[in-house]
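1. Next input, structure requested:
(2 chains)
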Amino acid sequence: MTGLLRAELLKIRSTRMWWGLLVGALVFVAIQVVALILVSGQQGTPSLDQVSTVRTIWASAGTGSTFALVLGILGMTTEYRHLTITSTFLATPRRGRVIAAKLLAHAAFGVVFGVACVALTAALAVPLLAMKGAATLPTSTILQVVGAAAVGVAVYAMVGVGVGSFVRNQVAAIVAALVWVFLVESLIISLLPQVGKWLPGGAANAMMQATSTRGSLLEPWAGGLLFLAYGLAFAALAAVTTQRRDIT
Amino acid sequence: MDALTKDFGTVRAVDGLSFLVEAGSVTGFLGPNGAGKTTTLRVLLGLVSPTSGTATIDGRRYADLPDPMRMVGAALEASSFHPGRTARDHLRVLSLSAGLPTTRTDEVLAQVALTESADRRVGGFSLGMRQRLALAGALLGDPQVLLLDEPANGLDPEGIAWLRGFLRHLASQGRTVLVSSHVLAEVQQTVDHVVIISRGRLITSAPLAELTQNHTTDVRVRTPDADRLEAALIAQGAQVRSADGVLHVSGLTPPDIGRTALREAVELHELVQEESDLEQVFLSLTDSVGSQP
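-> Residues are numbered from 1 along each chain as shown, chains lettered A, B, ... in the order given. Got it, this is the predicted structure:
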């Protein structure tokens, strides 16, 4: 199993894709943090005097999760796209173990992504918030929020592996995932919060305490549990769909 | 391979196929494109589950082998690499997954003459180099059994010559090799046994020598005095076809014909045992089934 895990880690490391996605995630997070701080308090947006606004800014670290999701999707779909899945299953006929190793390897890279996003958020938010004279958060809350953000990013990488093994077509999987995250899910969360809070994104937001209107979300612990359940469900989906499939 | 059948939807790719590959032999697995060769190999390797029947190696299913890559090496497609990964990393990934020492990567790269390109990304490789990298992957576990699917596909004549020598080398080490191809000539000089399938069914499984024997060949004779020689040969019980002063003789050996010509004082310009055209045998065998509805 160690060998398998090392093999999956090497698969990610040995192409340049993860590097590009990490840079993408950091740029995305940076824009999010800076934009939120600059626009807050203007034209009716919540002001930085409110603790919830500051909390949301810290939770921006979690927006890197979309890139981790894509990393997971690519990790699975490239195997089908470039037919390397054949040699993968020849080396390890027990497919369940391959999927387990792949999930773990992507979770590990997800943690790297998450920590990098949190570090960048801190580097930007601490000086900017101080400059703007924003409300101060207790350190324990900050740690809770960024910890949840890092976990969220890692779990999204595993969700990606699940999506990728279900929708094996690379382009279709990525388009479907992005349309879901940026369009369908975010619309449901803002228009139908009673439904939206049960979706993965809603649960992740709750876990990171990422919105100023907290009443519409689950409690952080409940959101966290629900989100992890989604992660496990997608991991199981990956294992089940891959087990009996013909590799042609 | 025992009564193997595989349906893809309504298409029956392999239809009740049974054959045995002897340990230590080099077997050509032949059939036209779409005959079911690749599907058969994929079932054997546990990548595709059969609709019915079994395919085993040494009496066990591939998935049940304790250390599959040390027992069976397979090269299925020349294109199954991530283009952004280097040749060495590709092999390291395989070694790690299969629990093989990563030192093997350098050894197999040398075996297929890819050492100098080891750290280049596979995206820049020619088809011949990819075929060799696929072979290197099959050799990682130093397996006793090798399954090669169309290893000569897309190779230039130089590459085919290299592959032939390589297969002969592997065979000389006593390995069991099953090599599939849709062109008989590619493997004719290397294999000692052939399995021919068409439309998912077995046509024949026989030693190469037997297949050639059953297909009798003519002796070609060129002479300015065709009519006289023809009469003399027929008198000795030979069958003769004549065309443009060239006789195609069956039923007599070249020495017999030479002696007859000497006795009859007929001038000979050419006396040749024609090459057995296995390609023709192959085509006629696969055609006869192909034309059935």
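
2. Near chain A, which residues of chain B? Just list them.
-> Residues of chain B found near chain A (CB under 8 Å from any CB of the partner chain) are B:8, B:39, B:42, B:45-49, B:62-63, B:65, B:68-69, B:74, B:76-77, B:79-86, B:89, B:92-94, B:96-99, B:137. The way it works is simple: take the backbone N, C-alpha and C, and place the C-beta from them, glycine included.

3. hmm, which of the residues you listed are the buried ones?
-> Neighbour counting by 16 or more other CB atoms under 10 Å in any protein chain shown classes B:39, B:42, B:45-48, B:62, B:65, B:68-69, B:74, B:76-77, B:79-82, B:85-86, B:89, B:92-94, B:96-99, B:137 among the residues of chain B next to chain A as buried.

4. In the chain, mark out all the helices, start to finish.
-> Because you didn't say which chain, this covers chain A. A:2-13, A:17-39, A:51-59, A:65-81, A:84-91, A:95-131, A:139-166, A:170-179, A:186-191, A:193-196, A:200-208, A:220-243 (DSSP state H).

5. wrong chain, I was asking about chain B
-> B:37-44, B:68-71, B:87-98, B:104-111, B:127-139, B:157-172, B:184-188, B:208-214, B:226-235, B:254-264, B:278-290.

6. What helices and strands are in contact with the longest one?
-> By that I understand helix B:157-172. helix B:127-139, strand B:176-181 (3 or more CB pairs under 8 Å, 6 or more residues apart in numbering or on different chains; DSSP states H and E).

7. Ok, the third one next?
-> Helix B:87-98 is packed against helix A:2-13, helix A:84-91, helix B:68-71, helix B:104-111, helix B:127-139, with contacts defined by 3+ CB pairs under 8 Å, 6+ apart.

8. cool, the fourth one as well?
-> Taking 3+ CB pairs under 8 Å, 6+ apart as the contact definition, the neighbouring helices and strands of helix B:104-111 are helix B:87-98, helix B:127-139.

9. mind checking how far that helix is from the chain centre?
-> Going by CA atoms, centre = their mean, to the nearest Å, the spacing between the C-alpha centre of helix B:104-111 and its chain's C-alpha centre is 25 Å.

10. which residues sit against that helix?
-> Applying CB atoms under 8 Å, 6 or more residues apart in numbering or on different chains, the contact partners of helix B:104-111 are B:87-88, B:91-92, B:95, B:115, B:118, B:136-137, B:139-142.

11. Can you add pLDDT and give these back as a markdown table?
-> Below are the contacts of helix B:104-111 laid out as a markdown table (pLDDT from 0 to 100):
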| residue | pLDDT |
| --- | --- |
| B:A87 | 94 |
| B:R88 | 95 |
| B:L91 | 94 |
| B:R92 | 94 |
| B:S95 | 93 |
| B:T115 | 92 |
| B:A118 | 93 |
| B:A136 | 93 |
| B:G137 | 93 |
| B:L139 | 93 |
| B:L140 | 93 |
| B:G141 | 91 |
| B:D142 | 92 |
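
12. quick one: which of those residues has the most company?
-> Greatest neighbour count in the contacts of helix B:104-111, by other CB atoms under 10 Å in any protein chain shown, goes to B:G137: 29 neighbours.

13. Contact partners for the nearest residue to it once chain neighbours are set aside?
-> Counting by CB to CB, 6 or more residues apart in numbering or on different chains, B:G137 lies nearest to B:L94, which is 5.6 Å off, once chain neighbours are set aside. Contacts for B:L94 (CB under 8 Å, 6+ apart) come out as A:7, A:87, A:91, B:69, B:100, B:137, B:140.

14. any low-confidence regions in chain B?
-> Regions of chain B meeting the criterion pLDDT under 70 cover residues B:1-10, B:78-79, B:212-217, B:275-281, B:284, B:286-293.
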